[in-house]
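With the input below, show me the fold.
(2 chains)
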There are 2 protein chains.
Amino acid sequence: MPKARIYITLKPSLLDAQGRVLENALRQLGFETVQGVRVGKYLEVDLQPDGDPHAQIEAMCQKLLANPVIEQYRYEVSDS
Amino acid sequence: MPKARIYITLKPSLLDAQGRVLENALRQLGFETVQGVRVGKYLEVDLQPDGDPHAQIEAMCQKLLANPVIEQYRYEVSDS
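Modelled structure (predicted):
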């Protein structure tokens, strides 16, 4: 059964406020080596084997899962 | 500069309500092949090259980034 793993992140030019908060929190906990944190979403989608899974996932990202205006995404499809 | 990519998901035995909502929404949009959706977090952490990055990331996950009671996490560290 095809499984897609989708990684959605804010576009690099945009301020990632949530990441900045985590970065400060990590520093305050003593993790001085932290240089930057970006926060994104990670989705696992199980599909029935019917049609082209790449095309289906691309359409899902465009229509619902990601906001293409401010987010970028990438995905990989495996058969596990 | 070491970069860690961290994937945090709910433990498989727990109901992923957010994933269930996305699954239903995708079906209603016509993506009938969707069998299941799990939602997680994806973090990119940039580190200064000082000490063992794996040990640092493990400690960050345990102390702040993940909730080990309900979440599981995995990470990879690259030198890009």
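
For chain A, which helix extends over the most residues?
helix A:17-28 (DSSP state H).

What residues of it count as buried?
A:19, A:22-23, A:25-26 (16 or more other CB atoms under 10 Å in any protein chain shown). In this view, the C-beta of every residue, glycine as well, is placed from N, C-alpha and C.

Close to chain B: what parts of chain A are there?
Neighbours of chain B within chain A, by CB under 8 Å from any CB of the partner chain: A:1, A:7-9, A:19, A:22, A:25-26, A:29, A:31-48, A:50-51, A:56, A:59-60, A:63-65.

Would you state the strands of chain A in chain order?
For chain A, the strands defined by DSSP state E cover A:3-10, A:34-47, A:71-78.

What values do phi and psi take at the residue sitting furthest away from the middle of chain A?
Distance from the C-alpha centroid of chain A peaks at A:G30, with 27.1 Å (CA atoms, centre = their mean). Dihedral angles of A:G30 (phi, psi; degrees, to the nearest 10) stand at phi 100, psi 0.

B:M60 versus that one, what's the distance?
Distance of A:G30 to B:M60, given as CB to CB, to the nearest Å: 10 Å.

do the same with A:E58
The gap separating A:E58 from B:M60 is 33 Å, by CB to CB.

higher neighbour count, these two?
B:M60 (25 against 14; other CB atoms under 10 Å in any protein chain shown).

quick revisit: nearest to B:S13 among the buried residues of helix A:17-28?
Nearest to B:S13, judged by CB to CB, of the buried residues of helix A:17-28 is A:L22 at 26.7 Å.

Excluding residues flanking it in the chain, which one is nearest that closest one?
The shortest distance from A:L22 to any non-neighbouring residue, by CB to CB, 6 or more residues apart in numbering or on different chains, is to A:V37 (4.6 Å).

pLDDT weak spots in chain A?
A:80 (pLDDT under 70).

Thanks again, I'm all set now.
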